[in-house]
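Student: my questions concern the predicted model and sequence given below.
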Amino acid sequence: MTTNSKIRFKEITSDQVVLFPSNIGENIGINHPVRIVSQLVDKLNIDDLLSTYKGGGTSSYHPRVMLKILFYSYLNNIYSCRKIAQQLEENIYYMWISGNNTPNFRTINDFRGKRLKGKIHHLFSEMVKLMSELGYVSLDTQYIDGTKIESASNRYTFVWRKSIEKYKSKLESKVSSVLKTIDLAIESDDVAENQEELKVDSEQLRQKIEELNAKLEKLNKSQKKALKELETKDLPRLKKYEKDLDILGDRNSYSKTDPDATFMRMKDDHMKNGQLKPAYNIQISTESQLITNYTIHQRPGDFATLKPHLNEFENLFARQSSTIVADSGYGNQENYEYLEQENIEAYVKYNYFHKEQKRAFKNNAFLPSNLFYNKDKDFFICPIGQKMRKVGTRAKKSNLGYLYQVDVYQASNCNACPMRTQCHKSEGNRQMEINHELIRLREKARQKLLSEKGVYHRGKRPIEPEAVFGQVKFNNKFNRFTLRGLDKVNIEFGLIAISHNLRKWVKNSSNKVKNNCSRAQYARYMLIISLNEDCFKKPDVFYAKNRNQQIVDKIAA
């Protein structure tokens, strides 16, 4: 079939020269998130960051520009500095927000890893304060939870405390034996007398080797060889073990390629077999699924993280929340006492809170919590009616160094008891260690958790921090750090927290207005946002005051 119609194509103007260059911003929607990021950074107080710059030399990229680039990149799940630098040359949104600046990947990486060191928490808190002014968060309630994010280090370069202590002990025994043999050969009475008092550490071993080298002529060939081995092999090994223990601190492990990372068992293990991986324990506080506080910890357990986490919140905002909600990972005696002393209304579960609500637990007559206790005369009654009297008190220390006290109760005669095999398995009479203070604190926590408010907060907690972790780790694909070291990990997760809040902020602010206006009104409203500071601070309130179409048109004009 033939046709006489002429085929026409649109003109290609790729190489055409224009008299008046176009403005990049004309191609960016007025409601695009890049504009919100730019406005936010312009309103942040960055005096602390500016103080790190010194005069002289070549010009630097302005820190606000660098912050805009990083915030927008993390908002779009781009964490690599090379990829960010590539976007600055190819992506129109990056060109606009950077003002056509094109810092290379080294400049971006240096700004992120060096300039933001010790400053990221301040920037994060400034943003949270601004959200509080807008009414998105009140800072009165914290829903706290933790997760483990894998370190950027090699997964199999591990150092274990038990191994170091075992090898160090063997080396110290060998060194002591060699030194004793050499001392006997020299027949030095004063040294032999002090041999048992000698503490074999690297410094004292070095001094000892220097002393023996001065008396080298008194040693035979084998002893000289042993002394040489002490100096060339054993002394460096001892120094290495001491350095390893110093790096470990109170931890049980660390990674050789990231000494700040600790090996932890992770739920989302890439091998799917529960292997330990070098990681950091990330603690966050949320409200309305916005992150209001975050801290990074090197211990895998959550018990030791609650106090420093709450202290960091107080440092950031010069106040403390009145309500704390957390799961059983934080419910120990030390934390309960701290929350009580600070007069914080806490809804924190303990390890068997749900288990004790079940019928099997309540009907188990042999559990200490189900035995009758006479508080006035301080004794328990066992299931067959025998008294278990207090026989002593013991002081104990937790693995975190917390001191507490338990009372010991013992039955007088369990030999003829028909229920002995059900009651206990010890050879003598049954003994129980009872921590009355912990029982009191758990009873107080139980009453709060079972109250109307407690049920509300317990129901809300799983959809607060856990939903945020799901968003960060799975939706945003951030399940492993790209930087190494505790300071840089703090920076990186700070950028993640800021980008998460920005994402929520953009969505919430847009939905509030979209629900109350037409598409044309919304377009005018977004134009006002770009021009009017009052509208940026309180968008819903500003729009409510200017619902009249003529007023909106007048302001927009």
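Tutor: Received the coordinates, thanks.

Student: where do the helices of the stretch 51-200 of the chain begin and end?
Tutor: 63-75, 81-90, 92-97, 105-110, 120-134, 161-186, 189-193 (DSSP state H, counting those that start in this stretch).

Student: now the longest helix seen in the chain: buried residues?
Tutor: With secondary structure taken from DSSP state H, the chain has its longest helix at helix 486-514. Neighbour-count burial for helix 486-514 flags 487-506, 508-510, 513 (criterion: 16 or more other Cβ atoms under 10 Å). Quick note: C-beta positions are derived from backbone N, CA and C, even for glycine.

Student: cool, and stretch 32-40?
Tutor: Here stretch 32-40 shows 32, 33, 34, 35, 36, 37, 38, 40 as buried, counting by 16+ other Cβ under 10 Å.

Student: hang on, the fifth one packs against residue 505?
Tutor: Read it as residue 36. Yes - between residue 36 and residue 505 there is a contact under Cβ atoms under 8 Å: 7.0 Å.

Student: could you give the mean pLDDT of the longest helix of the chain?
Tutor: Taken as a whole, helix 486-514 has a mean pLDDT of 85.

Student: same question, stretch 450-461
Tutor: Mean predicted lDDT for stretch 450-461 stands at 93.

Student: and it, how far out from the chain middle?
Tutor: Taking the mean of its C-alpha atoms, stretch 450-461 sits 25 Å from the chain's own mean (Cα atoms, centre = their mean, to the nearest Å).

Student: ok, the nearest residue to residue 256 once chain neighbours are set aside - how many residues close by?
Tutor: Once flanking residues are discounted, residue 256 sits nearest to residue 157: 3.8 Å by Cβ to Cβ, 6 or more residues apart in numbering. Look at residue 157: counted by other Cβ atoms under 10 Å, it has 13 neighbours.

Student: phi, psi for residue 157 please.
Tutor: phi -100, psi 70 (degrees, to the nearest 10).

Student: pLDDT weak spots in the stretch 351-500 of the chain?
Tutor: By pLDDT under 70, the stretch 351-500 of the chain contains no weakly predicted segment.

Student: hang on, the earlier thing: so of the helices of the stretch 51-200 of the chain, which one's packed in deepest?
Tutor: helix 63-75 (a mean of 23; mean count of other Cβ atoms under 10 Å).

Student: can you give the contact residues for it?
Tutor: 33-34, 37-38, 40-42, 44, 46, 49-50, 53, 79, 83-84, 87-88, 93-94, 97-99, 101, 103, 108, 111-112, 115, 123, 495-496, 498-499, 502-503 (Cβ atoms under 8 Å, 6 or more residues apart in numbering).

Student: what separates it from the chain centre, distance-wise?
Tutor: Centre to centre, stretch against its chain (Cα atoms, centre = their mean), the figure for helix 63-75 is 22 Å.

Student: and the angle for that helix with helix 81-90?
Tutor: If you take axes from the mean of the first three to the mean of the last three Cα atoms, to 10 degrees, helix 63-75 sits at 110 degrees to helix 81-90.

Student: so the residue nearest to residue 256 versus residue 374, what's the distance?
Tutor: Note on residue 157: its distance to residue 374, by Cβ to Cβ, to the nearest Å, is 58 Å.

Student: for residue 281, what are phi and psi?
Tutor: Phi and psi for residue 281, reported as degrees, to the nearest 10, are phi -90, psi 110.

Student: who touches it in this structure?
Tutor: Neighbours of residue 281 in contact, by Cβ under 8 Å, 6+ apart: 146-148, 262, 264, 296-302, 305.

Student: ok, residue 430 next?
Tutor: 382, 388, 410, 411, 414, 423, 424.

Student: now the fourth one. Its backbone dihedrals?
Tutor: Spelled out, it's residue 411. Residue torsions, per degrees, to the nearest 10, at residue 411 are phi -80, psi 150.

Student: and the fifth one, by the same measure?
Tutor: Dihedral pair for residue 414: phi -110, psi 0, per degrees, to the nearest 10.

Student: where does the nearest residue to it once chain neighbours are set aside land in three-state SS?
Tutor: Counting by Cβ to Cβ, 6+ apart, residue 429 is the residue found nearest to residue 414 once chain neighbours are left out, at 4.6 Å. Under DSSP: H, G, I helix; E, B strand; the rest coil, residue 429 falls in the coil class.
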